[in-house]
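In: what's the 3D shape of this:
(2 chains)
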Amino acid sequence: MYLALKNRLYHWLFRPRGAESGPVVLVQRRVFILPTRQGVLFAAVLVLMLTGSVNYNLSLGYVLTFLLGAMGINAILHTFRNLANLRLSPGRVRPVFAGEAAQFTVCIDNPGAARRYSIGLTRDKKEASFTDVPAQQTTLLGTAVPTVRRGLLSPGRLTLFTTFPLGLYYAWAYFEPAMQCVVYPRPAPPGLALPPASSSDGHGVESGQGQEDFSGLRQYHSGDSPRHIAWKAAARGQGLLTKQFSGRVDSELWLSWDLLPPRMDLEDKLSHLARWVLDAHAAGMSYGLKLPGKTLAIAGGNVQCERSLEALALFDSGRDPA
Amino acid sequence: MNDTTLSLRNTLWLFAALAMVAAPHVERLPWWITILAVILMLWRTYLGRHRLPLPRKWLLLLIVAGATAGIYLHYRTIFGRDAGVALLIVMLALKLMETKSRRDAILLFFLAYFLVITNFFYSQTIATALYMMICVWMITAGMIGLHYTQPAGYRNQLRTAALLLAQSAPLMLALFLLFPRVQGPLWGLPQDAYSGLTGLSDTMSPGSLSNLSLSDAVAFRVSFISAPPPPKQLYWRGPVLWDFDGRTWSAPRFFYGQPRFQTNGVPIEYEVTIEPHNKRWLFALELPARLPPRSRLTGDFQLISNTRVASRMRYGMVSYLNTQYGMNESRMALHRALQLPPGFNPRTIKLAQSLRRQFPDDHALMAEVLSMFRKEKFFYTTTPPLLGTNSVDEFLFDTRRGFCEHYASAFAVIMRAAGIPARIVTGYQGGEINPVGNYMIVRQADAHAWTEVWFPDTGWVRVDPTAAVSPLRVESGIAAAVPKTDPLPLMVRGDYPWLRQVRLNWDSIANSWNQWVLGYNPERQRNLMSRVGIDDATWRTLAVMLIVTTGLITLTFALLMLRRLKTVVRDPAQRAYYRFCAKLERENLRRDPVEGPLDYAARLSRLRPDLAAAVAAITRLYIALRYGRDAGTDALQDLERRIRQFRAKEPAT
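Out: The predicted structure is shown next:
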């Protein structure tokens, strides 16, 4: 009964809205305010001062007590105003490996004419990060969330709060941004050998021509990819030159689920694959990824690395990377 | 989050605020407390600067124990006002030594506010109020500094604090005027609550009044409702002294009889605002004919308050200047008025006895003594020589230099020795009219002593022997009567007219301050309420008024402050366009936040063909102004005019 009532009160008061994607304006209905422990102490000091003033007939004691009391009331408005009417929107989230801390960034936009001081963002009410938001500017504020397992991570409900200027009141607003962090599997420890590359056309590994590391320029031959033409040099009037890259190009490196022992644990397999992807990427190789039900064609570069890791992160989670 | 460590900058701010608040206490504290506090502060600053660990707890406890013992030895108590303040300051200084988190600092700032109020125990002048206002500003700024998370600079800190305090002023005023006032004290005051106040005492010995004449402190202020009487009639009656031990006159513990007198002449009506002097006398012109509340009139016409005058007090009064009283004085009282200690002042007694033989008539004898004072070489001075055991003898026959207490005492002794009942009356004589505020200031320097002599046909008659020696004293005040070389308080001298003007202006301000700020009590509150039409305001009425006023003021501020939150639109064209959108929104044609002006215009002309032309013109102008180059002020005016004239209402079909 009590719990049900508490639950209803909670819902009526805080109106959990679920994740919100668009910009959220902290309208007055969304900002809550309560005195802090210091605020209660301040009130107690004021009562003491008032009693003293009455007892000793101190007119200036009354003046001081009432001035501080009025300031205590005024501080409600100041603290409230410091938070109200900010516009929040989800910021960018970088993928992380499991075990690292995910950084969720919130864009705080202050459309008003007054600077906002010491706005805090916290998720667990233990650790917070703070920033000021100058008038008519936008500031980014992040909160770190430790990750344990791969997959998609939502920050859940964040609390934006402030106690400025006097610390007598705590004003806060809840914000559940519709943002997710892709958490890659924790890579297996380094030192695993990459699977052997199979040559597709029988020429074996041909080093000296690849796509990864820039090694120099040569004359243009017809048939060279336009992406490799040194346009800057062409613009300087040096004629058409082609950029040359070193690295593996023609070998086919497949990082395949099937290469791993069948009895290996699923998460271990993914960790293993993640290590392979990282090693292959670090070596500047092109590679493909084969998972049950999903295959990424052979390619190289940052994009391939990110796509591969994302596929590993979301494997078997019932979701496809967007 | 609350336990962030305290930065050095905030620590120093805290020190500065505390030092400023504690500074006025220094003159009253034992010197070693000041030294201790300064050493502790410097030590803490040193530790903070070099990021050294704070001292161990046992060391601090040791210092606490030592300081408490020291305070006990100095004040013989650790309770009460003075010892309490000393203890509070020591504790504050020691608390600094273990302050490292923000929470500790907040507690100290609160205590600093409390320390402000302790200063008001000792002084509530305008200067104190201003200085303490600055202190409160510093404390508030220090508290704000604790809550910055990005450096904002001390200017910002001070400005925010000033804004907070200034915005609190209207609410403070409402609370001050309307908060239901209770007449203190709620419980017994500590013994030492009002020590160190100057004023008359219930004894008088040679030198006691001339010491008082060095003080320019105000004894009381009088505003006359009737015309003020001439200066030589201004005898403010205070303690009446009956008993003489050869050197010191003192008031009896018990007062004789009932005050009986016959009113005569025109009543003088006035209001007295008396400064606290921690005694029970109230002062009035001779003779008072009305009783202030909670007071009584003794048989010898002293006005006695039921409680000590521990705070400034106001009372209305009526006096009759020419009044006969004490015609049928009791024999016991007359007997007491003839007592002289045996063996003292033999030469004076001899003189009195020879006068008695010479003048059998009491009046003639008295006239002879006064003419002796007048004719022989007696001097009136604030710096009389010190006198020994037979003070009256030495004064009358050797030194002949004295202040009013010497003359009154000598005169009364001669009268008693000659068999005429006499007593000493102390009080104040004269007073200075302040034309600025149109009231009279009576200072401690106006303290005076005169005598009353009893004759069977006239009763008690006031005789002022000082007036015989120095008529100027009663006609023009003390500054005119004493030699120029005598020390006198600056405020009493008449040397510099401009200075006199300045101080009269200042005293007038101080008087208003006393009356309206310091003297705002339950009675004043009732008067104020009845002046705005609320008679017999109970605390309930006041509470309702207080809540309503407080609510209104807070609401006004809330509205003013929340207005600043509104999105600022700098571009006038955009502002006009938003007005245009608002007009359409009222017709349920709300612009989607992601909809551009052109898309919106297209949608509008589809939905409301009747508006199409006006919308197209407005949109074209807006786009030209907002995104085009140099559309010109004419275009803006055109846009604003079109939007003003724009009617989105659907035409009646």
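
In: How is the chain divided into domains?
Out: This is for chain A. Chain A breaks down by automatic domain parsing into domains covering A:11-184, A:198-212+A:247-314.

In: Chain B, not that one
Out: B:8-151, B:204-481, B:572-645.

In: Briefly note if the first one comes near chain A.
Out: Yes: counting by Cβ under 8 Å from any Cβ of the partner chain, chain A has neighbours in domain B:8-151: B:103, B:106-107, B:110, B:113-114, B:116-117, B:120-121, B:124, B:128-129, B:132, B:136, B:140, B:143-144, B:146-150. All C-beta spots, glycine's among them, are computed from the backbone N, C-alpha and C.

In: what residue is smack in the middle of chain B?
Out: B:Gln124 (3.8 Å; Cα atoms, centre = their mean).

In: Pretty sure that one sits against A:Ser59.
Out: Yes: here B:Gln124 reaches A:Ser59: they are 6.4 Å apart, a contact under Cβ atoms under 8 Å.

In: State the phi and psi torsions of B:Ala601.
Out: Main-chain torsions, B:Ala601, degrees, to the nearest 10: phi -60, psi -40.

In: how close does it sit to A:Phe42?
Out: 56 Å (Cβ to Cβ, to the nearest Å).

In: So which of those two has more stuff around it?
Out: The residue with more neighbours, out of B:Ala601 and A:Phe42, is A:Phe42; 25 against 22, by other Cβ atoms under 10 Å in any protein chain shown.

In: The more buried one contacts A:Ala75, doesn't it?
Out: No: contact criterion Cβ under 8 Å: A:Phe42 and A:Ala75 do not qualify, at 9.1 Å.

In: so what sits against both of the two?
Out: A:Leu168 (Cβ atoms under 8 Å, 6 or more residues apart in numbering or on different chains).

In: could you list every residue that touches the residue nearest to the centre of chain B?
Out: A:58-60, B:518.

In: Give me the contacts around stretch A:258-274.
Out: Contacts for stretch A:258-274 (Cβ under 8 Å, 6+ apart): A:97, A:149-150, A:184-188, A:192, A:195, A:255, A:257, A:289-291, A:309, A:312, A:315-316.

In: For PyMOL, write the selection for the buried entries among these.
Out: Buried residues within the contacts of stretch A:258-274, by 16 or more other Cβ atoms under 10 Å in any protein chain shown, are selected in PyMOL with:
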select buried, chain A and resi 97+150+184+185+186+187+188+255+257+289+291+309+312+315
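
In: So which of the contacts of stretch A:258-274 belong to helices?
Out: The helices, defined by DSSP state H, take in A:309, A:312 from the contacts of stretch A:258-274.

In: what's the closest non-adjacent residue to B:Pro572?
Out: What sits nearest to B:Pro572 in space, not counting adjacent residues and going by Cβ to Cβ, 6 or more residues apart in numbering or on different chains, is B:Leu636, at 6.2 Å.

In: and that neighbour, what element?
Out: Using DSSP states H and E, B:Leu636 sits within helix B:633-645.

In: I'd like to know which elements that helix is packed against.
Out: Contact analysis of helix B:633-645 by 3 or more Cβ pairs under 8 Å, 6 or more residues apart in numbering or on different chains; DSSP states H and E lists helix B:572-585, helix B:612-627 as its packing neighbours.

In: so where is chain B shaky, pLDDT-wise?
Out: B:1-4, B:184-198, B:254-257, B:484-495, B:564-565, B:567-568, B:631, B:651-653 (pLDDT under 70).

In: same check, this time on chain A
Out: Scanning chain A for pLDDT under 70 picks out the ranges A:1, A:198-218, A:221-225, A:244-251, A:317-322.

In: which residues in the stretch 401-550 of chain B form helices?
Out: Assigned by DSSP state H, counting those that start in this stretch, the stretch 401-550 of chain B shows helices spanning B:404-417, B:465-469, B:471-476, B:478-481, B:497-512, B:522-531, B:539-563.
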